[in-house]
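> Mind folding the following:
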Amino acid sequence: MKITFLGAAGHVTGSCSLVESGRSRVVVDCGLVQGDDEAAEKNAEPFPFSPAGIDAVVLTHGHLDHVGRLPFLVQQGFSGPVYAQAATVELAEVVLRDSARLASHQEKPLYDEAAVDATMKLMRPLRYLQEQQLEGLRLRFFEAGHILGSAHAWLEDGRRRVLFSGDIGQPNTPIIRDPTSDWPGPVDLVVIESTYGDRLHRSRQETLAEFERIVVRAVEQGGFVLIPAFAIGRTQEILYHFNHLVDRGRIPRIPVLLDSPMAERVTEIYRRHRELYDSETLAGLRQGDPPMRFPGLREVVSADESKAIKSMSPPAVIIAGSGMCSGGRIMHHLINFLPLRSTTVMIVGWQGYGTLGRRLVDGAERVKIYGQEVEVRARVETLGGFSAHGDREVLLAWARSWPEPEPVFWVNHGEPEAARALAAGLHQHGLRAHLAEEGKTASV
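Modelled structure (predicted):
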């Protein structure tokens, strides 16, 4: 079996790998490059293989950086099946339709709604652990604990076994179950993500205490709390924590505005897939406590309602996309409220290099938004403990969970420093590890 790394090698976005075994040619993930000044140009480049010659696509989960180029692949001639966990199929449709809508405002859109329609007709939903025969390969999905429906993808050809970690979740992430570490047997090669391969997250308890402190202080100061949140995963976790704190009287009942139509659609998908919930969430449901509903939550639907928030009296919390402040409704809230010292911007997820979110985290005093110079007087708080990605400790523990003989690890999906640090950590634990490079091939 051969694996050629075609995306997210030395980067965190644009995941894409080609698996070849005999006559089988399977693509694992087909994501958009994000945050880079040259992202649009890179996304429009032709694939380094013939799309019509690909037998199938396997998706590890529904984030844009893992599924966003799929309609472009279809436009270029791919017509085979696309396999994904059932919830991932639903999430991918929301993500792809939103991507097509945003692209429609560009001079040269990468794809349109018709391409998304054609893509969705190719989707084949699977359950975790369900075996699926591909052209000369067998596929199984295992729970990855990153977002709803996220999966580790196991491929075998009868002689060799490889596994793509996808994005590995942080244990004890609310609502969903933890990443799998109980394997049915050894594999020969593992492609492992390394987003946080060089750092540790704050504990969830510390993060929740900080979350509570920020909200309480904002109420005392009479300000707004802006939370740029990814529509999938992060928004639902934030709603879960608000529910927890409001129910227990730990924070005042102030308006919490979910200003993201996409996040609202995703939250409904989360609410439908109770079969994927962890035991704590299911116990709460049995006691009549839905995990993402609480007094004070208001879903902002129309653009006019969103714009009217400017005239609201604080305090209030505004949760809006995009998570890296690279577009969406959060942008006009940042224009309106960044200049106010009473405002708090709560960063709860990874901020890619070159994004507005990263500039805010790095302490920029002035930023440009839609051509407008905006002074940053707001307080910017970063809560790494809410990350949906496992940190260095989690990644190393997950890698050490494999039965003997240990696989060879190829470290992918991380900035260079993070990838190198994780590879060094794997070596320290006696494991064989190599760095994935774009265009490089690993054989087993």
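
> count of neighbours near Tyr219?
Small correction: residue 219 is Val, not Tyr. Residues near Val219, counting by other C-beta atoms under 10 Å, number 17. Any C-beta I mention is one placed from the backbone N, CA and C, and that applies to glycine too.

> number of nearby residues for the closest residue to it other than its chain neighbours?
Excluding the flanking residues, the one nearest Val219 by C-beta to C-beta, 6 or more residues apart in numbering is Pro315, at 4.6 Å. As a burial measure, Pro315 scores 21 neighbours (other C-beta under 10 Å).

> any weak-confidence spans in this protein?
In the predicted model of the chain, no residue satisfies pLDDT under 70.

> Show me the strands in the stretch 1-150 of the chain, by range?
Secondary structure of the stretch 1-150 of the chain by DSSP state E, counting those that start in this stretch: the strands cover 2-7, 16-21, 24-30, 56-58, 82-85, 123-126, 132-133, 138-143.

> buried ones in the last one?
Applying a neighbour-count criterion of 16 or more other C-beta atoms under 10 Å, the buried positions in strand 138-143 are 139-143.

> Helices of the stretch 1-150 of the chain, start to end?
Remark: helices assigned in the stretch 1-150 of the chain by DSSP state H, counting those that start in this stretch are 39-43, 64-67, 70-75, 86-103, 113-120.

> and the residue nearest to Val219, how far is that from Thr207?
According to C-beta to C-beta, to the nearest Å, Pro315 and Thr207 sit 21 Å apart.

> Could you do Leu226 as well?
Noted for Leu226: a distance of 18 Å to Thr207, by C-beta to C-beta.

> The two: who's more crowded?
Set Leu226 next to Thr207 and count neighbours by other C-beta under 10 Å: Leu226 wins out with 27 against 18.

> Give me the residues contacting stretch 249-262.
With C-beta atoms under 8 Å, 6 or more residues apart in numbering as the test, stretch 249-262 has contacts from 94-95, 98, 212, 215-216, 219, 229, 231, 235, 239, 242, 244-246, 264, 267, 294-301, 306, 309, 312, 315-321, 328-330, 333.

> Quick one: buried ones out of those?
For the contacts of stretch 249-262, buried by 16+ other C-beta under 10 Å: 94-95, 98, 212, 215, 219, 229, 231, 235, 239, 242, 244-246, 264, 267, 294, 297, 300, 306, 309, 315-321, 328-330, 333.

> In strands, which of these appear?
297, 316-320 (DSSP state E).

> Now flag whichever of these is closest to Leu422.
Ile319 (31.1 Å; C-beta to C-beta).

> in terms of contact, does that closest one touch Ala229 like I think?
Yes: look at Ile319 against Ala229 with C-beta atoms under 8 Å: they come within range, at 5.2 Å.

> between those two, what contacts are shared?
235, 238, 260, 263.

> what residues are up against the second one?
Ile238 makes contact with 227, 229, 319, 348, 386 under the criterion C-beta under 8 Å, 6+ apart.

> do you know how far it is from Asn43?
Ile238 is 29 Å from Asn43, by C-beta to C-beta.

> re the thing from before, closest one to Gly390 out of the ones in strands among the buried ones among the contacts of stretch 249-262, please.
Checking those one by one against Gly390 (C-beta to C-beta), the nearest turns out to be Ile319, at 23.6 Å.

> In space, what's closest to that closest one - neighbours in sequence excluded?
Ile227 (4.6 Å).

> can you tell me the helix or strand for the one you found?
strand 224-228 (DSSP states H and E).

> Check the gap between Gln205 and Asp391 for me.
Taken as C-beta to C-beta, the span from Gln205 to Asp391 is 15 Å.

> Of those two, give the one with the bigger neighbour count.
When Gln205 and Asp391 are compared for neighbours, Asp391 comes out ahead with 20 against 9, by other C-beta under 10 Å.
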